[in-house]
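Undergrad: for reference, the sequence and a predicted model appear below.
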Amino acid sequence: MGQWDDELISLLPSSVRIFASAGAGYNWADTDALARKGIWYANGAGASDDAVSDAALYMILSVFRNFTRQQLAARTADPEIFTATHKMIGTISHNPAAHVLGIIGLGSISKKLVPKAQAIGMKVHYYDVLRQPLSEEERLDVTYHETPEGLLGVADCVTLHVPLNAHTKNLINKESIACMKDGARLINTARGEVVNEEALIDALKTGKISAAGLDVHYHEPQVSPVLVKMDNVTLTTHNGGGVIETRMNFELNAMKNILAVVGPDGRVVGKPITPVNRLRSETSEFRTSHNSIILFVPIYLSSVYQVARIRLDVSKSNYALAALDCYLSSALDGMEVAKTTRNRAPPKEEWERIKPELKRLLIDEKLTLKETARYLAALQNFHAS
Ligand SMILES: NC(=O)c1ccc[n+]([C@@H]2O[C@H](COP(=O)([O-])OP(=O)(O)OC[C@H]3O[C@@H](n4cnc5c(N)ncnc54)[C@H](O)[C@@H]3O)[C@@H](O)[C@H]2O)c1
């Protein structure tokens, strides 16, 4: 696909309105640069969830049961190797049941993986920069950890489902591996560069990590020549999502996104269904500091526009930044009124109370801020009456 950077994007004609990707990850496109040029970037979010979560389940089974080692032995067609492997496998393999699966990044794909892992008896824990609402944790029957280290310390098998960005590159490195349980397993179906390959190889050599399942690779399409020699490592060709159904869903989503943005006469008629970026005209100013973002969001509460100040620790996540951008993108509707009501912010406790619900509506339900505000106002009125 190549790297869509500022230079390449600047060459696009000004009539381009949307970049509708028939894929999920978008680390190869500078979506902010597209936004600066007034171009939406939309992906096929959700299209590959079934396939990638199945692939992760395959990797989990493989690392616990040593299926790659068995397969390599069987493929030698050598009776001696067959017999030796047959005898050995039962002494080094385990049922995944009753073991802890540690998910890093509980999003669209890994939420599909949760019941699949539970179906083979695993207990599921997770870490994410954005905690799920309690009701969602209860529905999924998952245990949250405040820090990645906390999760790594209890997981028998860690599976990665974060997007690749500046914060997640080399997320699994020498230091984080040191926090893992001795002999734990690692699965990566997200992006190769999320795992520092040298640190992984070192850990596999010492046995700190007993087995790994990698669908994606640090120097893709080059697979590590060291890893290919390790029979406790299951390797695939970045085909976690590789099924016809995924392609159909991706292409369908791309068409839906295009139709949502460009009308039959070529004019812009709306926003994509699954946008990744936000256009400048859609966002209001916000300022960032080292580990926090302070922003003003006008929302409709108790039938009055009010301005609220939210302070969220989002330093580790571009995804969270995108979510906050999403708050802002719809906030313009209330701005005019907000200016006059700047001092009427709800009390801090009130914000603490509604923040989880706000996040759920904006991120899980993908409502716009305006829709969310209406919902919260209705709720507020309901409780008041
Ligand atoms: N192997 C394949 O064929 C294939 C196919 C599709 C997607 N993918 C990869 O899977 C990734 C996940 O996809 P998804 O649709 O579930 O994404 P998603 O956006 O629904 O979920 C990602 C989750 O990661 C969390 N997150 C972001 N930064 C984090 C951090 N630093 N620490 C912890 N959590 C963090 C987010 O809050 C979010 O909950 C994609 O970004 C893509 O790279 C791979």
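TA: Good, I have the coordinates.

Undergrad: and this structure, which of its residues are near the ligand?
TA: Proximity of the chain to the ligand, by C-beta under 6 Å from any ligand atom, involves residues 24-25, 45, 48, 52, 104-110, 127-130, 161-164, 167-168, 189-191, 215-216, 238, 240-241, 316-317, 319. C-betas here are computed from N, CA, C, even on glycine.

Undergrad: among these, which are located in helices?
TA: Val52, Ser108, Ile109, Ser110, Tyr319 (DSSP state H).

Undergrad: point out the least confident one among those residues.
TA: Across those, the smallest pLDDT goes to Tyr319, namely 39.

Undergrad: what does Thr159 show for phi and psi?
TA: Main-chain torsions, Thr159, degrees, to the nearest 10: phi -120, psi 130.

Undergrad: and for Thr234?
TA: Reported as degrees, to the nearest 10, the phi and psi values for Thr234 are phi -90, psi 130.

Undergrad: hang on, the earlier thing: in strands, which of the residues of the chain next to the ligand appear?
TA: Counting by DSSP state E, these place Ile104, Tyr127 in strands.

Undergrad: if we can go back for a sec, neighbour-wise, which of the ones in helices among the residues of the chain next to the ligand leads?
TA: Compared across those, Ser110 has the highest neighbour count, 28 neighbours, by other C-beta atoms under 10 Å.

Undergrad: show me what contacts the closest residue to the ligand within the stretch 1-150 of the chain?
TA: Closest residue of the stretch 1-150 of the chain to the ligand, C-beta to the nearest ligand atom: Gly107 (1.8 Å). Applying C-beta atoms under 8 Å, 6 or more residues apart in numbering to Gly107 gives the contacts Asp128, His161, Val162.

Undergrad: let's see 10 Å
TA: By C-beta atoms under 10 Å, 6 or more residues apart in numbering, Gly107 lies in contact with Ala45, Gly46, Asp49, Asp128, Leu130, Gln132, His161, Val162, Pro163, Ala190, Tyr319, Ile363.

Undergrad: over to Thr68?
TA: Counting by C-beta under 10 Å, 6+ apart, Thr68 makes contact with Met59, Ser62, Ala211, Ala212, Gly213, Met230, Asp231, Asn232, Val233, Thr234, Leu235.

Undergrad: my read: the last one touches Leu214, true?
TA: Yes. Counting by C-beta atoms under 10 Å, a contact exists between Leu235 and Leu214, whose distance comes to 5.6 Å.

Undergrad: between those two, tell me which one has more neighbours.
TA: Leu214 (24 against 16).

Undergrad: returning to what we had before: just the buried subset of the contacts of Thr68, please.
TA: Among those, those scoring as buried are Met59, Ser62, Ala211, Ala212, Gly213, Met230, Asn232, Val233, Thr234, Leu235 (criterion: 16 or more other C-beta atoms under 10 Å).

Undergrad: common neighbours of Leu235 and Leu214, please.
TA: Contacts common to Leu235 and Leu214, judged by C-beta under 10 Å, 6+ apart, are Met59, Val223, Ser224, Leu227.

Undergrad: quick one: which of the residues you listed is most hemmed in?
TA: Within those, Met59 tops the neighbour count with 28 neighbours, counted by other C-beta under 10 Å.

Undergrad: show the pLDDT at that residue.
TA: For Met59, the pLDDT comes out at 98.

Undergrad: if I look at the most centrally placed residue in the chain, how far off is Tyr127?
TA: Computing the C-alpha centroid of the chain and ranking residues by C-alpha atoms, centre = their mean puts Val162 first, at 3.9 Å. Distance, Val162 to Tyr127, using C-beta to C-beta, to the nearest Å: 10 Å.

Undergrad: what sits in contact with each of the two?
TA: Common contacts of Val162 and Tyr127 (C-beta under 10 Å, 6+ apart): Ile103, Ile104, Gly105, Leu106.

Undergrad: mind listing what the third one touches?
TA: Read that as Gly105. Contacts of Gly105 by C-beta under 10 Å, 6+ apart are 126-130, 159-163, 168, 171, 190, 194, 317, 319.

Undergrad: strands of the chain, start to end?
TA: 18-20, 40-42, 100-104, 123-127, 142-144, 157-160, 184-188, 209-214, 233-235, 287-288, 293-301, 304-312.

Undergrad: helices or strands up against the fifth one?
TA: The criterion is 3 or more C-beta pairs under 10 Å, 6 or more residues apart in numbering; DSSP states H and E, and the helices and strands that strand 142-144 contacts are strand 100-104, helix 108-119, strand 123-127, helix 134-140, helix 148-152.

Undergrad: partners of it in the sheet?
TA: If you go by DSSP bridges, strand 142-144 pairs up with strand 123-127 (parallel).

Undergrad: need the contact partners of the strand it pairs with.
TA: 97-106, 110-111, 113-118, 132, 137, 140-152, 154-156, 158-159, 161-162.

Undergrad: out of the buried ones among the contacts of Thr68, which two sit at the greatest distance?
TA: Within the buried ones among the contacts of Thr68, Met59 and Met230 form the most distant pair, 14.4 Å apart (C-beta to C-beta).
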